[in-house]
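In: Mind folding the following:
(one chain, ligands or ions: 1)
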Amino acid sequence: MSRPTQPTPSSGSGPAQVIAIDGPAGAGKSTASHTLARRLGFFLLDTGAIYRALALAARTAGVAWDDEAGLALLARDLPIRFVPRSDAAQAVLLGDADISLAIRTPEISDGASRVSSLPAVRAALLELQRSIAGAGGCVVEGRDIGTVVLPWAPVKFFVTASPEERARRRHLELCARGEPSDLVDTLAGIIERDRRDETREAAPLRPAVDAVHIDTSPLGLEEVVDRMERIARERLRLGG
Ligand code: DC
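Out: Numbering: from 1, shown residues only. Sure thing, here's the model as predicted:
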């Protein structure tokens, strides 16, 4: 099967073959989104990478992460592209530079979280997300996809896991990397971040009314993706 490439931008304001996947960090959303996109032969749009790319671009351009007007200006012409790589992952390009790794540092995670809380930034990135996803054949992963970016998406999932389970997964991940981690602190951090994400003014994290909720706490990845794939194939009439 040929590798799905970034769809040609379209006006994207109506029904298309798109699947919206939202949920908090650490719920298993990212792995499930990648796997689902691969199984369906769909392009994966990782919208978190867009906020990360903006944080990086701002740092390079000397625009502060709280300069809302400056960031919105930068966001309107963000030259970001997603291109398939040979290892089944996707490269994120900003202009001609491959920023796939540079956007995954703790510093840029912090910057992305800051810039994504600003309403003008979210508004400026809306069209970019819609234009990529609007062409269809796309799994779109984020926090506000089903509620704000693509409220017309025919398939929406809200992926969660209990704070305890997310803390446990994060703790194991850090331990496996040999990094220091304290389970109690990790849990407290997750509870605090949930509270911030759910109560912020700009696009708070909440499920769309028509989203299918999937709690990944008791499920393995295969089970999660099997469930998503079944629902997506049925609703999008993909067969298989
Ligand atoms: O999913 P992620 O960790 O790569 O996201 C990076 C940051 O961007 C994170 O703080 C959440 C935020 N984000 C958002 O506010 N809305 C989205 N649609 C995607 C990500």
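In: Nearest the middle, which residue of the chain would you pick?
Out: Most central residue of the chain, judged by C-alpha distance to the mean C-alpha position with CA atoms, centre = their mean, is G142 at 3.1 Å.
In: neighbours around the nearest residue to that residue once chain neighbours are set aside, how many?
Out: Closest residue to G142 apart from its sequence neighbours, by CB to CB, 6 or more residues apart in numbering: T47 at 3.6 Å. Where C-beta positions appear, they are placed from N, C-alpha and C, glycine not excepted. Around T47 there are 23 other residues, counting by other CB atoms under 10 Å.
In: do the same with P151
Out: P151: 14 neighbours (other CB under 10 Å).
In: cool, D194 as well?
Out: Close neighbours of D194, defined as other CB under 10 Å, add up to 17.
In: Not counting its neighbours along the chain, what's nearest it?
Out: P24 (5.9 Å).
In: Please apply the same query to A69.
Out: A120 (6.7 Å).
In: Quick check, pLDDT for that neighbour.
Out: Among the per-residue scores, A120 shows a pLDDT of 97.
In: Doesn't it lie inside a strand?
Out: No: read with DSSP: H, G, I helix; E, B strand; the rest coil, A120 is helix and lies in no strand.
In: And the strands in this structure?
Out: 18-22, 43-46, 80-84, 90-94, 97-98, 138-142, 155-160, 212-215 (DSSP state E).
In: circling back: correct me, but the residue nearest to A69 touches D66?
Out: No: counting by CB atoms under 8 Å, no contact exists between A120 and D66, whose distance comes to 11.6 Å.
In: what does this structure put close to the ligand?
Out: On the criterion CB under 6 Å from any ligand atom, the ligand has as its neighbours in the chain the residues A25, T47, G48, Y51, R52, A112, S113, S116, G142, R143, D144.
In: how about the residues you listed in JSON lines, adding distance to P180?
Out: As requested, those are exported to JSON lines (distance: CB to CB, whole Å):
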{"residue": "A25", "distance to P180": "19"}
{"residue": "T47", "distance to P180": "30"}
{"residue": "G48", "distance to P180": "25"}
{"residue": "Y51", "distance to P180": "27"}
{"residue": "R52", "distance to P180": "24"}
{"residue": "A112", "distance to P180": "23"}
{"residue": "S113", "distance to P180": "21"}
{"residue": "S116", "distance to P180": "27"}
{"residue": "G142", "distance to P180": "30"}
{"residue": "R143", "distance to P180": "28"}
{"residue": "D144", "distance to P180": "33"}
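In: Need the max-distance pair from the residues you listed.
Out: Taking CB to CB, the two most distant members of the residues of the chain next to the ligand are R52 and D144; they sit 15.7 Å apart.
In: ok, these two, which is more surrounded?
Out: Neighbours per residue, other CB under 10 Å: of R52 and D144, the larger number sits with R52, 25 against 22.
In: buried residues in the lowest-mean-pLDDT helix or strand in the chain?
Out: Ranking every helix and strand in the chain by mean pLDDT, DSSP states H and E puts helix 183-199 at the bottom, with a mean of 88. Applying a neighbour-count criterion of 16 or more other CB atoms under 10 Å, the buried positions in helix 183-199 are T186, L187, I190, R193, D194, D197.
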